[in-house]
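> The amino acid sequence is not available; the structure is as follows:
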């Protein structure tokens, strides 16, 4: 198998006359995958994808290297991914077409289901009535969605997250401090108002939006370019695990799959299709975020952008969107106006503003006690420090308050006082 034909983390099934190979093209779960995040799932994840859609998923992953060549040739990705299996093989299979066709016939869908369960992933396909309705607007949409979620069935979690308004927040990986804060506040404010936030968990704006959403309770969906069981980028593993606890991580690629460059714009089409409104926070003139915005427009969705300094390269893309008619967004209330109308948006924003930021589900018990003490007032905090059995009690309380502040749960006030952070 040539380097061009090899799919990373992926091996084709054995065919007659070929060297021995694993019986299916299903990769094993990535080493070190956060299995602990799925420990609370019982019974095992439901894998409801049909044979036809699983074979299609196998085929796209098998042709991943060929699709990368098509990307270099500037072939429209959505058009290629919308082709039927025979057309896709004809378009990108090249001299490997006959071999790939033979491998496809040998694929065992049940083994693919077993691999998904082993990786802790639920899965559903386009033929399942629970498949996200918004994705059906895109004829190139993912044949199978793999879902990572813990604490409740992944398919039910994804359905609940899509039941109501959904906003995608995207932007540059090299965001400014202001851009990161805007993305975080948008994510937090929208989730506090009952909106689901979708993004791609990339560095910069995407991760900041997810982090804000997690602070407000975790109503967020991360769409990955690689396998849903593999945190990407790796440095965002902690964020990934927090999203899995209260939200969902989804992907159209099999477990353990390592993404090619074409997988990122493919991921963007899912982000755009899942949302009612796409908000761009900082983007260069040529940016993947603008691809997401373009896809959203093609699907008839609303596109909005955060304005920025005209001399900053980070604002060239967003300011261009505004020039071309995108809605202007300054804060979560502006987005709520687009979704709900001004009156309903004002009511939602006011209700969210008086709600404390909820703690993450995995917050340590001692920090939960300290958080409750902050809610009770300064006397309770003083009492906690005084009740400690050792002289380091006050220091431990200070350390805990600092940790709660970093998590966005409390705010330091003048005079050494503390208060609960509000959404």
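Cool, the structure landed. Everything numeric here is computed off the predicted structure, so don't read it as measured data.

> quick one: residue 356 from residue 417, how far?
To residue 417, residue 356 is 16 Å away according to CB to CB, to the nearest Å. For glycine as for every other residue, the C-beta is placed from the backbone atoms N, C-alpha and C.

> more crowded one of the two?
residue 356 (17 against 12; other CB atoms under 10 Å).

> Run a quick check on that one versus residue 419, I expect a contact.
No - the criterion here is CB atoms under 8 Å, and residue 356 misses it with residue 419 at 9.5 Å.

> Let me see the domain layout of this protein.
Following automatic domain parsing, one gets these domains for the chain: 44-335, 365-420.

> Could you list the low-confidence segments of the chain?
Within the chain, the ranges that satisfy pLDDT under 70 run 1-43, 343-355, 378-392, 423.

> let's see 80
Across the chain, the ranges flagged by pLDDT under 80 are 1-43, 342-358, 361-362, 375-394, 408, 411, 413-417, 419, 421-423.

> Following the biggest helix by length in it in sequence, what is the next regular element?
When the chain is parsed with DSSP state H, its longest helix is helix 177-192. Moving toward the C-terminus from helix 177-192, the next helix or strand (DSSP states H and E) is strand 196-199.

> all strands for the stretch 251-400 of the chain, in order.
Per DSSP state E, counting those that start in this stretch, the stretch 251-400 of the chain has strands spanning 277-281, 302-305, 327-328. These are given in chain order.

> In three-state terms, label the most centrally placed residue in the chain for me.
Closest residue to the average C-alpha location of the chain: residue 222 at 0.7 Å, with CA atoms, centre = their mean. Here residue 222 is strand, with the state taken from DSSP: H, G, I helix; E, B strand; the rest coil.

> what sits against it?
Going by CB atoms under 8 Å, 6 or more residues apart in numbering, residue 222 touches 198, 199, 200, 201, 210, 240, 243, 247, 248, 249, 250.

> List buried residues within these.
Listed as buried from these are 198, 199, 200, 201, 210, 240, 243, 247, 248, 249, 250; burial here means 16 or more other CB atoms under 10 Å.

> Residue 147: what's its closest spatial neighbour, skipping adjacent residues?
Of all residues not flanking residue 147 in the chain, residue 154 sits nearest, at 3.7 Å (CB to CB, 6 or more residues apart in numbering).

> ok, now residue 233?
Closest residue to residue 233 apart from its sequence neighbours, by CB to CB, 6+ apart: residue 203 at 6.1 Å.

> Go ahead and confirm residue 226 touches residue 253.
Yes - look at residue 226 against residue 253 with CB under 8 Å: they come within range, at 5.9 Å.

> how near is residue 309 to residue 319?
For residue 309, the distance to residue 319 (CB to CB) stands at 9 Å.

> try residue 80
Distance, residue 80 to residue 319, by CB to CB: 31 Å.

> unless I'm mixing things up, residue 183 is touching residue 205, no?
Yes - counting by CB under 8 Å, residue 205 is a contact partner of residue 183 at 4.5 Å.

> Quick check: neighbours shared by the two?
Jointly contacting residue 183 and residue 205 under the rule CB under 8 Å, 6+ apart are 169, 171, 175, 281.

> Distance of the first one relative to residue 88?
For residue 169, the distance to residue 88 under the criterion CB to CB works out to 32 Å.

> Check the third one too.
Between residue 175 and residue 88 the distance is 36 Å, computed by CB to CB.

> what's the first-to-last distance across stretch 192-203?
Start and end residues of stretch 192-203 are separated by 23 Å (CA to CA, to the nearest Å).

> hang on, I meant stretch 45-64
One end of stretch 45-64 sits 26 Å from the other (CA to CA).

> Go through that stretch and flag the buried ones.
Using 16+ other CB under 10 Å as the test for burial, stretch 45-64 gives 45-50, 53-64.

> what about residue 178, how many neighbours?
15.

> who's in contact with it?
Neighbour list for residue 178: empty [criterion: CB under 8 Å, 6+ apart].

> switch the cut-off to 10 Å
Applying CB atoms under 10 Å, 6 or more residues apart in numbering to residue 178 gives the contacts 281, 282, 306, 308, 309, 312, 314.

> Nearest residue to residue 171 in space, please, no chain neighbours.
Of all residues not flanking residue 171 in the chain, residue 205 sits nearest, at 2.8 Å (CB to CB, 6+ apart).

> Just give the number of residues close to that neighbour.
Residues near residue 205, counting by other CB under 10 Å, number 33.

> all helices of the stretch 101-250 of the chain, in order?
Per DSSP state H, counting those that start in this stretch, the stretch 101-250 of the chain carries helices over the ranges 109-118, 154-161, 177-192, 205-215, 237-246.

> most packed of these?
Among the helices of the stretch 101-250 of the chain, helix 205-215 has the highest mean neighbour count (mean count of other CB atoms under 10 Å), at a mean of 29.

> That one packs against which elements?
Contacts defined by 3 or more CB pairs under 10 Å, 6 or more residues apart in numbering; DSSP states H and E place helix 205-215 against strand 166-171, helix 177-192, strand 196-199, strand 220-223, helix 237-246, strand 277-281.
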